[in-house]
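>>> just to be clear, the model below is a prediction. Sequence and coordinates:
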Amino acid sequence: MIIKKTPSKWFLLIILGFIVLVESLYIIISVSKKQPITPPAAVFCTADAMLCPDGSSVGRVAPNCNFSPCPKAETPKPNNTSTWKTYTNTNFGFSVKYNPVFNPDEVTGSGQQLVSINFGLMKNNGFNIEISTGDIVGYYRNQIIDHVSEKIDKEERISVDGVSATKLTYKQVIVIEKFDVSKVIVNKNNHDYIITALSSDIDQILSTFKFTDSPSSLDPTVTWKTYKSDKYGISFKYPKEAKIMGDINSQLFTIISENQAVSFLASNNPNNYEASDFFLKIISPSNPDSIRDHVFFSDAKINGINFILFNQDASYFSQQSQPLNGYQVKSGSYIIGLNFNKGSESLINQILSTFKFTD
């Protein structure tokens, strides 16, 4: 006889409770998935700002509405110029320090530029100093935009050895890379001192730049004699020890000083020709166009006066011992010419730096 055991009621209750628990959990999970999650409330901070040491400002940020941290200040470059050499220029009265791995390269200029000294390539932390007869800052600004960069990124007024200066910062491609470059223009004693370097190097270089001489020794023309003509409406200075060939009161004479020579010529211009056309007609009256391709003209602005600089083709004018170079400018009904040969650049530049109209 087989006897069937009947499960106890406690066992059945346990099984039933487990089933109810599972179904309850399923219902809870299903409902929670369908209910949207409420996002946290938006935090709005006050719109005030905090001024940082570098001049910038920061605002408050959520969720705690604390101020954002200020930008970290750049660590200044250590001043290692103590090991640099000192370059001194007695002609223009200044000194500057430079990295001893470079050798200063001094080149005599022409026209407005009197001299240029290179202290290595800017890409390799070198720099350049030019001395010119002086011009407005706008001239240098336009030169940069016309020939070097699309725009001036920053223009500042600074001080260089106690003298007010202008710093122009712009981007320049050097070899194939683009760098931030700064050009600083300092005007002292009617000369512009133009210092150009990478923006990362310029302050260190400027910290070593010093003016060394008094105005009288800086500008040798202070003691020069003055030529003045009411007839031609001009004046300029020339060395007091210079020899004059010809009559200085005539329309043609030559100034000779220390193996350099500059010839003065005042020519009547009744037809009011431009200086370049007048020069060609003087050289070849019957056919001036025949030599037009053999004389090179360029504009030269000196002390605010617009000169024409001409250079003769040496191979074409081979009958001359040296090709002639010169500056010409219109003055009333006259063309004033100051002509010079190679080797007389220093004398002509100093004379031109003193040239003035008297009318």
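Looks like it came in fine.
>>> got a list of what the closest residue to Thr88 other than its chain neighbours touches?
Counting by Cβ to Cβ, 6 or more residues apart in numbering, Thr88 lies nearest to Ser95, which is 4.3 Å off, once chain neighbours are set aside. C-betas here are computed from N, CA, C, even on glycine. Residues in contact with Ser95 (Cβ atoms under 8 Å, 6 or more residues apart in numbering) are 86-89, 208-210, 212.
>>> buried members of those into ChimeraX, please.
Only the buried entries of the contacts of Ser95 go into this ChimeraX selection, using 16 or more other Cβ atoms under 10 Å:
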select :87,89,208,209
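>>> which among the contacts of Ser95 gets closest to Asn125?
Nearest to Asn125, judged by Cβ to Cβ, of those is Thr208 at 13.5 Å.
>>> who are the contact partners of that closest one?
By Cβ under 8 Å, 6+ apart, Thr208 lies in contact with 81, 84, 86, 95-97.
>>> try 6 Å this time
81, 96-97 (Cβ atoms under 6 Å, 6 or more residues apart in numbering).
>>> again, but for Thr212
Counting by Cβ under 6 Å, 6+ apart, Thr212 makes contact with 93-95.
>>> returning to what we had before: distance to Ile176 and secondary structure for the contacts of Ser95 - can I get that in JSON lines?
Below are the contacts of Ser95 laid out as JSON lines (distance: Cβ to Cβ, whole Å; DSSP: H, G, I helix; E, B strand; the rest coil):
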{"residue": "Thr86", "distance to Ile176": "33", "secondary structure": "strand"}
{"residue": "Tyr87", "distance to Ile176": "30", "secondary structure": "strand"}
{"residue": "Thr88", "distance to Ile176": "35", "secondary structure": "strand"}
{"residue": "Asn89", "distance to Ile176": "33", "secondary structure": "strand"}
{"residue": "Thr208", "distance to Ile176": "30", "secondary structure": "coil"}
{"residue": "Phe209", "distance to Ile176": "30", "secondary structure": "coil"}
{"residue": "Lys210", "distance to Ile176": "36", "secondary structure": "strand"}
{"residue": "Thr212", "distance to Ile176": "39", "secondary structure": "coil"}
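>>> most widely separated two among the contacts of Ser95?
Within the contacts of Ser95, Asn89 and Thr208 form the most distant pair, 13.5 Å apart (Cβ to Cβ).
>>> low pLDDT regions in this protein?
Along the chain, segments meeting pLDDT under 70 span 1-44, 53-55, 73-79, 111, 134-135, 213-219, 314-323.
>>> quick one, domains of it?
What automatic domain parsing lists as the domains of the chain is 81-216, 221-357.
>>> follow-up on the earlier one: and the residue nearest to Thr88, which of the three is it?
Taking DSSP: H, G, I helix; E, B strand; the rest coil as the rule, one finds Ser95 in the strand state.
>>> and the gap between it and Ser344?
28 Å (Cβ to Cβ, to the nearest Å).
>>> swap in Asn80?
42 Å.
>>> between these two, which is the more surrounded one?
A direct count of neighbours by other Cβ atoms under 10 Å for Asn80 and Ser344 places Ser344 higher, at 21 against 9.
>>> spatially nearest residue to the more buried one (excluding sequence neighbours)?
Distance criterion Cβ to Cβ, 6+ apart; nearest residue to Ser344, sequence neighbours excluded, is Gln260 at 4.0 Å.
>>> now Lys188
Excluding the flanking residues, the one nearest Lys188 by Cβ to Cβ, 6+ apart is Val163, at 5.5 Å.
>>> mind checking how far the one you found is from Lys342?
From Val163 across to Lys342, the span is 35 Å (Cβ to Cβ).
>>> what's the answer for Leu252, then?
Distance, Leu252 to Lys342, by Cβ to Cβ: 21 Å.
>>> the more surrounded of those two?
Leu252 (13 against 10).
>>> how about the more buried one: which residues does it bridge to?
On the basis of DSSP bridges, Leu252 is bridged to Leu265.
>>> and if you look at the one 5 residues further on?
The residues paired with Ser257 through beta bridges, assigned by DSSP bridges, are Gln260.
>>> what sits against it?
Contacts of Ser257 (Cβ under 6 Å, 6+ apart): 239, 242, 347.
>>> can you pick the most crowded of these?
With neighbours taken as other Cβ under 10 Å, the top of the contacts of Ser257 is Leu347, carrying 22 neighbours.
>>> helix/strand/coil for it?
Recorded secondary structure, Leu347: helix (three-state DSSP).
>>> separation between the spatially closest residue to it that is not a sequence neighbour and Ser164?
Excluding the flanking residues, the one nearest Leu347 by Cβ to Cβ, 6+ apart is Gln260, at 4.0 Å. Distance of Gln260 to Ser164, given as Cβ to Cβ: 34 Å.
>>> so for the two, which residue has more residues nearby?
Remark: of Gln260 and Ser164, Gln260 carries more neighbours, 18 against 11, as counted by other Cβ under 10 Å.
>>> right, and the more buried one touches Lys342 too?
No: checked against Cβ atoms under 6 Å, the pair Gln260 and Lys342 is beyond contact range at 10.3 Å.
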